[in-house]
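> Sequence below, structure please.
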Amino acid sequence: MAAPIAYAERTTYSLIATDLDGTLLRGDDTFSDRSLSTLARVAEVGARHLVVTGRPAPRVRPLLELLGSTGLAVCGQGAQLYDAGADRLLWSVTLDRQLAETALGKIEAEVGQVHAAVDQDGVEGLTLIEPGYEMPHPTLPAVRVDRRDDLWCAPISKVLLRHATLSDDELASVARAVAGSLATVTMSGPGTVELQPCGVTKATGLALAAGHLGLRPQDTIAFGDMPNDIPMFDWAGHGVAMANAHPELKAVADEVTLSNEDDGVAVVLERLSSQG
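Below is the predicted model of the structure:
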């Protein structure tokens, strides 16, 4: 089993689970030198770093290369367990496309038109966006299709939703109320409300990855910034919210660190290392 990082007097952590956007990544989609060097140092003493992100595996692959990671990563809000070294999915679950269409219809019946995108399943899956949908992260590649029906041309891991006037919180609330029995509704970042397979969360993916590594919830410290990280915090032994985190996540966090722009993850890991 991996060597632990000590925290306070009684608790140790062998698994470091980090979200990407708004957490480990800076706003320009880069990792700071401080974050990279800190993660390298904790790896030297045996702690495992596990990326747990809403991004699908194809959009995570280049970031894992920058991190020098050849191990596991939890992608697609927990719908994919990706082996970076082998460039393959060890496990994945798809969202039924007919259920997704039905959920969209129910949501639009309540709030009017929404704009949708999908992440296709698989290590080469595309992100497809319908007319009117604007990517919240313009650096991420996407393929624009001519009509909504084209979104369902291949198996998908999730649907991404945007509304012209409703806030993310308002859209997510309506989606949960009218479509929560059809899909898990999450909010993973500014302009990013998502529908994913029922019962699938970052916690289910993290638990699966930890099982592969022989590690337990109490071995795990998790970092995040959005409500989609709440299940991960509930599962992990210790949850750390970023200063820029959504209030819902801060409310359930064990502590709050500095923002992603101020190396909040590195600040905590450096503290833990000094106490070890």
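
> drop to CA atoms for contacts and neighbour counts, all remaining ones
Will do.

> residues making contact with stretch 147-159?
Residues from elsewhere that reach stretch 147-159 (C-alpha atoms under 8 Å, 6 or more residues apart in numbering): 76, 79, 93-97, 100, 116-121, 128-131, 145, 194-197.

> ditto for stretch 200-216
Contact partners of stretch 200-216, identified using C-alpha under 8 Å, 6+ apart, comprise 1, 14-15, 52-53, 72-75, 77-81, 184, 217, 228-229, 231-235.

> And the buried ones among those residues, selectable in PyMOL?
Filtering the contacts of stretch 200-216 down to the buried ones (16 or more other C-alpha atoms under 10 Å) takes a single PyMOL command:
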select buried, resi 14+15+52+53+72+73+74+75+77+78+79+80+81+184+217+228+229+231+232+233+235
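
> The contacts of stretch 200-216 in helices, which ones?
Residues of those located in helices (DSSP state H): P231, M232, F233, D234, W235.

> What is the nearest of those to L249?
F233 (8.5 Å; C-alpha to C-alpha).

> Count the neighbours of the residue lying closest to the closest one once chain neighbours are set aside for me.
Spatial nearest neighbour of F233, chain neighbours left out: G239 (4.8 Å); criterion: C-alpha to C-alpha, 6 or more residues apart in numbering. G239: 24 surrounding residues under other C-alpha atoms under 10 Å.

> So G239 is in contact with T257, correct?
No - judged on C-alpha atoms under 8 Å, G239 makes no contact with T257 at a distance of 10.4 Å.

> can you pull out the helices in the protein?
Here the chain has its helices, by DSSP H, at 33-44, 57-67, 97-111, 168-179, 202-213, 230-235, 247-252, 264-275.

> Could you dump the ones you listed into CSV and include mean pLDDT?
Conversion of these to CSV gives the following (pLDDT from 0 to 100):
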stretch, mean pLDDT
helix 33-44, 95
helix 57-67, 96
helix 97-111, 97
helix 168-179, 96
helix 202-213, 97
helix 230-235, 98
helix 247-252, 97
helix 264-275, 91
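
> Pull up the gap between V240 and L25, please.
Separation of V240 from L25 (C-alpha to C-alpha, to the nearest Å) stands at 15 Å.

> Which residues are in contact with the residue nearest in space to the middle of the chain?
Residue closest to the mean C-alpha point of the chain, counted by C-alpha atoms, centre = their mean, is T53 at 2.3 Å. By C-alpha under 8 Å, 6+ apart, the contact list for T53 reads T18, D19, L20, D21, V74, C75, G76, Q77, G78, K202.

> hey, what's the fifth one bridged with?
The residues listed as beta-bridge partners of V74 by DSSP bridges are V52, L81.

> and the gap between it and V51?
V74 sits 6 Å away from V51, taking C-alpha to C-alpha as the criterion.

> what touches both of these two?
Shared contacts of V74 and V51, defined by C-alpha under 8 Å, 6+ apart, are absent.

> Can you verify my assumption that M187 contacts I230?
No - the pair M187 / I230 is not scored as a contact, 10.4 Å apart, by C-alpha under 8 Å.

> Please verify my assumption that V252 contacts P231.
No - using C-alpha under 8 Å, V252 is not in contact with P231, being 10.0 Å away.

> picking that back up, buried deepest among the helices of the chain, which one?
helix 230-235 (a mean of 22; mean count of other C-alpha atoms under 10 Å).

> export it as CSV, just CAs?
What follows is helix 230-235, C-alpha atoms only, in CSV (Å, rounded to 0.1, in the frame of the first residue of the first chain):
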residue,chain,number,x,y,z
ILE,A,230,-20.0,16.9,-3.1
PRO,A,231,-20.4,13.1,-3.5
MET,A,232,-16.6,12.9,-3.7
PHE,A,233,-16.2,14.9,-0.4
ASP,A,234,-18.9,12.7,1.2
TRP,A,235,-16.9,9.6,0.3
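
> what sits up against it?
Defining contact as C-alpha under 8 Å, 6+ apart, one finds that helix 230-235 is touched by 201-203, 206-207, 217, 222-223, 239-240, 249, 252-253.

> so how far is it from its chain's centroid?
Distance of helix 230-235 from the chain centroid (C-alpha atoms, centre = their mean, to the nearest Å) equals 12 Å.

> what do you get for stretch 130-144?
Centre-to-centre, stretch 130-144 and its host chain are 18 Å apart (C-alpha atoms, centre = their mean).

> Return the set of buried residues in it.
E130, Y133, E134, M135, A142, R144.
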